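> sequence first, predicted model second:
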Amino acid sequence: MNKIVETMYANDLFSQWLGIRILEDGKGISKLQMTVRPEMVNGFGVTHGAITFALADSALAFASNAHGRKSMSIETSINHLKPVMTGDILTATTEETSLGHKLGVYHIRVTRGEDLVATFKGIVYRKEEHWPK
């Protein structure tokens, strides 16, 4: 596992509470997986949109920070395409579409098996501060 991602995950109690498992990581790369639990549903009995958002947001954070510079999201958006239910196994796969000196742009696909359930776009600001080596 990438040392930066390992450090981030160890201190990220929310990602741990979500039950996120890191399947793949590296510079500009993140593939995460989690299983939706009963306490993650809203009043309609469907998984709360914030859960899918949080999974994608964690993928954004891990992929963008793995380059070594501390990066923070400055704009994010999500499209919820299909309902997600308790017991569903979600996978978030990150694509780094642009990496500049100050900004990085990422697209994350959230899937349930072969079904695309959400698309997420995140822009990060890349600080001058580096992660410890």
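Here it is on my side, so go on.
> go through the protein and flag its longest strand.
In the chain, taking DSSP state E as the definition, the longest strand is strand 115-130.
> so what does it touch, helix or strand wise?
Judged by 3 or more C-beta pairs under 8 Å, 6 or more residues apart in numbering; DSSP states H and E, strand 115-130 is in contact with helix 49-65, strand 69-80, strand 103-112. In this view, the C-beta of every residue, glycine as well, is placed from N, C-alpha and C.
> deepest in the core, which of the ones you listed is it.
Greatest average neighbour count among those goes to helix 49-65 (a mean of 23), per mean count of other C-beta atoms under 10 Å.
> so Gln16 makes contact with Tyr9?
Yes: under the contact definition of C-beta atoms under 8 Å, Gln16 touches Tyr9, with a separation of 7.3 Å.
> for Arg45, helix, strand, or coil?
Quick fix: residue 45 is Gly, not Arg. When states are read from DSSP: H, G, I helix; E, B strand; the rest coil, the local structure at Gly45 comes out as coil.
> centre-most residue in the chain?
Nearest to the geometric centre of the chain sits Ala59, at 2.3 Å (C-alpha atoms, centre = their mean).
> check that one and give its pLDDT.
Listed pLDDT for Ala59 reads 98.
> swap in Val84?
98.
> tell me, how many neighbours does the closest residue to Ile51 other than its chain neighbours end up with?
Counting by C-beta to C-beta, 6 or more residues apart in numbering, Met40 is the residue found nearest to Ile51 once chain neighbours are left out, at 4.7 Å. When neighbours are counted by other C-beta atoms under 10 Å, Met40 registers 21.
> so Glu129 sits against Met72, correct?
No: Glu129 sits out of contact with Met72 when judged by C-beta under 8 Å, with a separation of 10.3 Å.
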